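Q: this is a predicted model, with the sequence first.
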Amino acid sequence: MLTEVMTERFPPRIIIANRGWLLVIALLLILGLGLSFFYYRQAKAWEEEAWRRNVAELVFQRADMLLLSLSRIEESLKAIAALYNTRANTVTRREFGVFAQGILERLPVDHLQWQPKVEHAERSLFETQARRDGLADFAFAQWDNQGRKVAAAERDVYFPVFYDVSVSPDKSMLGMDLSQDPIRLAHQWLAVSSGATTVSPVYETSARRHRTQPTPTATRDQKMVMSLPIFTQAHLLNQEQRRQHLQGFVAAVLDIHDLLKPVVQGVTDHGIDILIYDASPDADQAPFYYRLSLQSDLADSADLQGYQAGHLDVAKTLELGGRTWRLVFHPTAIYLNGMRSWLPEQALLAGVLLTLVFVAHVYSAQRRRAEIEGMIVRLQESEDRFNLFMDNSPGLAFVKDAEGRLVYINKTFAKGFGFKKPAQWYGKTDEDLWPKDVAESFRNNDLAVLAGEKAQVMEERAVRKGQQETWLSVKFPFRDRHGQRFLGSIAMNVSDRKQVEEQLRLAARVFEHASEGIVITDSGNNIITINPAFEHITGYSAGEAVGRNPNFLTSGRHPTIFYQRLWQVLMETGSWQGEIWNRRKNGEVYAEWLSLSVVRDDAGLVSHYIGIFSDITERKAAEDRIQFLAHYDELTQLPNRTLTRDRLQQALLTAARNNEFVSILFLDLDRFKLINDSLGHHVGDVLLQQVGQRIRSCLREMDTVGRLGGDEFLVVLPDTDVDGAAHVAKKILEQLSLEFHIEEHRLNNSPSIGVAVYPEDGADILVLMKNADAAMYHAKQAGRGTYQFFDSAMNAAAHEQLRLENGLRLALERGQLQMYYQPKVDLKQKRVVGCEALMRWKHPEWGDVSPASFIPIAEECGLIIAIGEWAMRTACRQILELQRSTGQPLTVAVNVSALQFNQRNFVDIVHRVLAETGLAPEYLELELTESALMKDAANVIETLEKLSAMGVKLSVDDFGTGYSSLSYLKRFPLNCLKIDQNFVRDLEKAGDDAAIVNAVISLAHSLRLTVVGEGVETQGQMQFLSDRGCEEAQGYYFDRPLPVDEFEKVLLNPPLPKTA
């Protein structure tokens, strides 16, 4: 029956015919069992050797760790020694501390110490010097048998701790002479003999003695000292020289707990006991340190005292600075059980099992052979079907080995790259098929798939035949029956689809991020989608807008015909754009620029409508604002200069056609600058606004009032003659004379008005406005708060003023200005003590120009500042020259205008003039008017005090003609009062002038001021002033103002005839 079944399933050639197979199996069974027991014994020996190697490796590793730590500490001591050598063996406590602190932070050191060598004879001096250097209680000390700190006993040599840097500053060992310990002292002398680093025995600080009993683990009381001798000279040849030149020791006190912590850490957790012995000749044989695992078979110290190393124990001997340590690692049963692999037992069991099943294997071998042959046939058929499937696939299919070489491609791949034979593609890589950058990208993707060991879907891009291609690839790793790794891939060209997707994504991004609102409706004009900008502009969300007709946005501003024409153009042309007003959700009406488009399908029927719009409300408001500012004054809302001139031009054209009059009023506010400067620009702005409103209230609808700039206004009165203009001017004056209430201020401000009438006063805008301006100027001169009509004389005066102003601008440049000096006489000594500097203008064509003519013009146009500085500089320079030529200490008085004095840098200008000319400050006298002093008293006082501090003299000119506050006058640092010549002129007549002069002289003297009488022309005037105590006088009685050369002659030929 079995033969029949096997014949049916397998070919006859595979049936086993050899009947001696049972004998072979018996022999193999005996051989297999014998070999199994042999390898079991061998595996046990290998396992134990592996255990010992593991422990040995751990011992050597931890020993190296300990040696490395001690080596670093030794190198640190050598570095300190090098510091002593480079500093000629003089290292300060601070330097030692800074150097040592860095070592303590890096290494397991408790103390770093400097222990100098001190002879017995030097002890007292050493202790005294240490206490004097800041160590208040310093003394040599040692430990007694009870561990107490006592004074050091007398001995020949001491090694006290003089520098001590510790991780615990409160445990300082300063002064301790550790050489009290004979063993430590012997080790120190050993270090001196060898010149190398030595290590002391381990000791306990609590008992101050050597440990003789093992401790289960190191404690903070267990210490060791590493010492390195320092010599005063290098290259000492023998022991005796080293002892003679020994300076001391640098020592590191090591805590055994900290030192051994990284060495033993984690070892006992695995079931290994650690014992550390001091194997030096002078040490006992008990371990000074041990650490037992929880499952240790060494229960107590008695076990340790008599402990004999087992055959699995591993020991390591270390030489440490004259000491010999022995590290013993003892693996416990728990460690061995954890390391047991059970491989020997498993090998034995496997050998037995293999032997038992070997018969079945031999029996089935031939049977499996037949099955394999059948599988080969089926695999070949399967491979043929797979090749047909892959070769007819539209995608590229390929297989690569782990190095990226092609081992299979389908026909689509071969056709795409022009391969005809397998030899053409076998073994090629991506670098043979693609550009370098593309090949690197493909290779990186392949490696990522191989590393992940799972299939991945990815997009890959490449350039082939000059075209950018995108491939959707499915890549998957697999292994063949030999375990070799391969990468399979099927890739489809999706370039066209990616391009469409990219265009769709771009359109979606534009739709979402466009700043313009976008709305799309269907053919029935129902909204199907909107973008975020639509929501932002209209306030309606997508949920509120979708499905509705856009007409819910209409504002009602446009008539029905507007929308009818819009739809007509849209349907005829396919698009429409323009400005339209719509309403937001909050009810606000806004302007938008709308573009509409029609979308049609392939049949030409409307499928959608697209609307794109932007909010132009702010732009339109800005345009309206710009248009307004182009024609109106922003502050007063009145027509500006441009619009006012335009309306005046229109009025003139109308008047010319109708033979009518046109009157214009040019208004300028009086004292507006004072209000602006004193109360602030915001008050000035409100005043201008109220002035504009009041002027407007005085006019007809057809009249125009415009602001020309600053505080100037122009009123245009069409069809108005002289009488009508006067009537309007009076109304304006009445309105503006009323009090203005601005914040807490009550202001009175009046205008000066100039009136010009067309056509008598001008036929065009320029002439008419110029003449009105001239009339306004004369109104100001007439006393302000009034109006003046233009006449031709005004024009002539204006021309004369302009001529003088232009000539004055050139006078300074061309040297036409000169300084004259009028002598100032001391009435008691009857001699010249100074002078007043007066300016003269000598024009080459006009001759002498009176100061009364050009000084007011200079003040009005601002030239007085430059001219005044020039006058001061010239007077200082010329007076200094006169002082040198005559030997007289002359004082020069220079007039200063209010405009000059109010300059912020006026004090700096005076200082600079004096520095440049070299004139001493006490010879310069500045004359100021009462009005200039009282304009801003607080700032005036500050300026006067600075000038007075410089040494400059200060006087009040024309005193009595202005308005002065005596309370301020006494606070001014003045030197002199000058009596105005109007009071001096009539002194010889009985009248009020004499009383005024008497009062001024008395007032000046009470304020300790000098008095100067101006304009003295007669003997009687001089005598009157002299009798009343007036100190000085000047005037034509003594001499007229003189050029500098003539004044010099007067000074050189004293006395003046009329002073004798």
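A: Arrived safely, thanks for sending.
Q: helix, strand or coil: sort out Arg96 for me.
A: No Arg there; residue 96 is Phe. helix (DSSP: H, G, I helix; E, B strand; the rest coil).
Q: for it, give its distance to Gly951.
A: To Gly951, Phe96 is 65 Å away according to Cβ to Cβ, to the nearest Å. Every C-beta, even on glycine, is put in place using the N, C-alpha and C of the backbone.
Q: same question, Ile909
A: Taking Cβ to Cβ, one finds Ile909 at 16 Å from Gly951.
Q: of those two, who's got more company?
A: It is Ile909, of Ile909 and Gly951, that has more neighbours when counted by other Cβ atoms under 10 Å, with 16 against 12.
Q: who's in contact with that one?
A: 869, 872, 903 (Cβ atoms under 8 Å, 6 or more residues apart in numbering).
Q: need phi/psi at Val598.
A: phi -100, psi 130 (degrees, to the nearest 10).
Q: not counting its neighbours along the chain, what's nearest it?
A: Using Cβ to Cβ, 6 or more residues apart in numbering and skipping residues adjacent in sequence, the residue nearest Val598 is Gly574, 4.7 Å away.
Q: again, but for Trp114
A: The shortest distance from Trp114 to any residue other than its chain neighbours is 3.7 Å, reached at Tyr163 (Cβ to Cβ, 6+ apart).
Q: the one you found contacts Arg94, correct?
A: No. Tyr163 is beyond contact range of Arg94, at 10.0 Å (criterion: Cβ atoms under 8 Å).
Q: so for those two, which sits in the more crowded spot?
A: A count of neighbours by other Cβ under 10 Å puts Tyr163 above the other of Tyr163 and Arg94, at 22 against 9.
Q: how much space separates that one from Glu105?
A: Plainly put, Tyr163 is 17 Å away from Glu105 if you go by Cβ to Cβ.
Q: got it, and Thr324?
A: Separation of Thr324 from Glu105 (Cβ to Cβ) stands at 31 Å.
Q: so the two - more neighbours on which side?
A: More neighbours surround Thr324 than the other of Thr324 and Glu105, with 14 against 9 (other Cβ under 10 Å).
Q: helix, strand, or coil at the more buried one?
A: Recorded secondary structure, Thr324: strand (three-state DSSP).
Q: pLDDT wise, what is the spatially closest residue to it that is not a sequence neighbour at?
A: Take Thr324 and drop its neighbours on the chain: the residue closest to it by Cβ to Cβ, 6+ apart is Ala279, 4.3 Å away. pLDDT recorded at Ala279 is 78.
Q: also Leu594?
A: What the model reports as pLDDT for Leu594 is 92.
Q: mind listing the residues bridging to it?
A: Per DSSP bridges, the residues bridged to Leu594 are Gly578, Phe613.
Q: from Ser541, how far out is it?
A: Distance from Leu594 to Ser541, by Cβ to Cβ: 20 Å.
Q: these two: who's more crowded?
A: Each of Leu594 and Ser541 has its neighbours counted (other Cβ under 10 Å); Leu594 has more, 20 against 13.
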